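**Q** curious how this folds, go ahead:
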Amino acid sequence: MSEIKDRLINGIIKENPTFVLMLGMCPTLAVTTSAINGLGMGLTTMVVLTLSNALISALRKIIPDRVRIPAFIVIIASFVTITQFLLQGFIPTLYEALGIYIPLIVVNCIILGRAESYASKSGVLPSIFDGIGMGLGFTAALTIIGAVRELLGAGKVFGFRVMPASFEPIRIFIMAPGAFFVLAMLTAGMNKIRLSMEARGKDASRIGSGGCVDMDCNNCAERGTCTHKFIDTDAVPGESLEEGALRREQENASDKDDKEETVNDETGKEDE
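**A** Coordinates of the predicted model:
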């Protein structure tokens, strides 16, 4: 169960195909003129990714290593063709909106990358959830980008007007430059969230090993009784953490100079 959870979290946050790995940029920039287009492209890719991962994992011991890449492409192309026919038959408006980018899923580096790096080396069930996790991460990214571009460029989200009638759409956001700008801003925000989560994880591990997250001994309620190994035993009352670090650095430099002078004095006495 933990492995399944790790696969899902990995695809959505830790190794998000769009915001972290920066894969699949062609459909990300071209299709996300609206939230519905981004959602449709993401779900289509997720279906192909999950099914191809499952089949490649099931056949991993049968496919010869020399021809694995062509075999992967044939499997992926088969699922893309089936998905394309289903979209054309049941959701023709989405099929027309996505256009050439549906068959281009065959060579999407996200799908080929997961097939080569994970599905061909792992069991069927973990590979399925790896495909779902990566697909959800890709779908979420495309939907968010599409929603932001549609909101700023047309005043709508999923086709529904959410901005007042007085709002003047910023047309550049539904053009190529707007796609790059929104992608950059959302990538920066995603990296901020991811780094803060990693920092919290390090803090938690430090607490478990007897460390102190805050390390601000002057303002700590447990000062004098704390047993944390990172405790600042020589903290000066009223001194901030930065001031304490600077003071200790100066003291260390002074101690180093004193040691050098002592060594020089001893050397001079020996010479005499």
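
**Q** ok, residue 136 to residue 51 distance?
**A** For residue 136, the distance to residue 51 equals 15 Å [Cβ to Cβ, to the nearest Å]. C-beta: built from backbone N, CA, C; applies to glycine.

**Q** show me where the chain has strands.
**A** Counting by DSSP state E, the chain has strands at residues 156-157, 160-161.

**Q** how about these in a markdown table, adding distance to residue 176?
**A** Written out in a markdown table, the entries for the strands of the chain read as follows (distance: least, Cβ to Cβ, whole Å):
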| stretch | distance to residue 176 |
| --- | --- |
| strand 156-157 | 20 |
| strand 160-161 | 24 |
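
**Q** residue ranges with poor pLDDT in the stretch 101-250 of the chain?
**A** Within the stretch 101-250 of the chain, the set of residues satisfying pLDDT under 70 comprises 201-245.

**Q** helices of that one, residue ranges please.
**A** Residue ranges of the helices in the stretch 101-250 of the chain, as given by DSSP state H, counting those that start in this stretch, are 109-117, 124-154, 176-208, 241-271.

**Q** re the thing from before, to residue 170, which of the strands of the chain lies closest?
**A** strand 156-157 (12.8 Å; Cβ to Cβ).

**Q** show me what the closest one is packed against.
**A** The helices and strands touching strand 156-157, judged by 3 or more Cβ pairs under 8 Å, 6 or more residues apart in numbering; DSSP states H and E, are helix 124-154.

**Q** return the set of buried residues in the helix it packs on.
**A** The neighbour-count criterion (16 or more other Cβ atoms under 10 Å) identifies 126-154 as the buried residues of helix 124-154.

**Q** which of the helices of the stretch 101-250 of the chain sits most buried?
**A** Each of these was assessed for mean neighbour count using mean count of other Cβ atoms under 10 Å. The highest is helix 124-154, with a mean of 23.

**Q** by contact count, what packs against that helix?
**A** Helix 124-154 sits against helix 2-9, helix 25-31, helix 35-58, helix 109-117, strand 156-157, helix 176-208, with contacts defined as 3+ Cβ pairs under 8 Å, 6+ apart.

**Q** quick one, the longest one and helix 124-154 angle?
**A** Following axes from the mean of the first three to the mean of the last three Cα atoms, to 10 degrees, one obtains 130 degrees for the angle between helix 176-208 and helix 124-154.

**Q** I'd like to know which elements helix 176-208 is packed against.
**A** Going by 3+ Cβ pairs under 8 Å, 6+ apart, helix 176-208 lies up against helix 25-31, helix 124-154.

**Q** quick one, which of those helices is nearest to residue 198?
**A** For the helices and strands packed on helix 176-208, the distance to residue 198 is smallest for helix 124-154, at 16.9 Å, taking Cβ to Cβ.

**Q** what's the angle between the closest one and helix 2-9?
**A** Here helix 124-154 points in a direction 20 degrees away from that of helix 2-9 (the same axes, to 10 degrees).

**Q** if we can go back for a sec, the helices and strands packed on helix 124-154 into JSON lines, with extra columns for distance to residue 247?
**A** Output for the helices and strands packed on helix 124-154, formatted as JSON lines (distance: least, Cβ to Cβ, whole Å):
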{"stretch": "helix 2-9", "distance to residue 247": "42"}
{"stretch": "helix 25-31", "distance to residue 247": "49"}
{"stretch": "helix 35-58", "distance to residue 247": "53"}
{"stretch": "helix 109-117", "distance to residue 247": "49"}
{"stretch": "strand 156-157", "distance to residue 247": "54"}
{"stretch": "helix 176-208", "distance to residue 247": "23"}
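
**Q** among those, which comes closest to residue 86?
**A** Using Cβ to Cβ as the criterion, the shortest distance between residue 86 and those is 9.1 Å, found for helix 35-58.

**Q** what's the angle from that closest one to helix 124-154?
**A** 160 degrees.

**Q** in helix 35-58, what's buried?
**A** Within helix 35-58, the residues that count as buried by 16+ other Cβ under 10 Å are 35-57.

**Q** next one: stretch 79-90
**A** The neighbour-count criterion (16+ other Cβ under 10 Å) identifies 79, 80, 83, 84, 87 as the buried residues of stretch 79-90.

**Q** now intersect the residues you listed with the helices, please.
**A** Secondary structure of those is defined by DSSP state H; positions in helices are 79, 80, 83, 84, 87.

**Q** okay, now the closest residue to the fourth one other than its chain neighbours: neighbour count?
**A** Taking Cβ to Cβ, 6 or more residues apart in numbering as the measure, residue 84 lies nearest to residue 102, with 5.1 Å between them; neighbours along the chain are not counted. Here the number of neighbours of residue 102 (other Cβ atoms under 10 Å) works out to 24.
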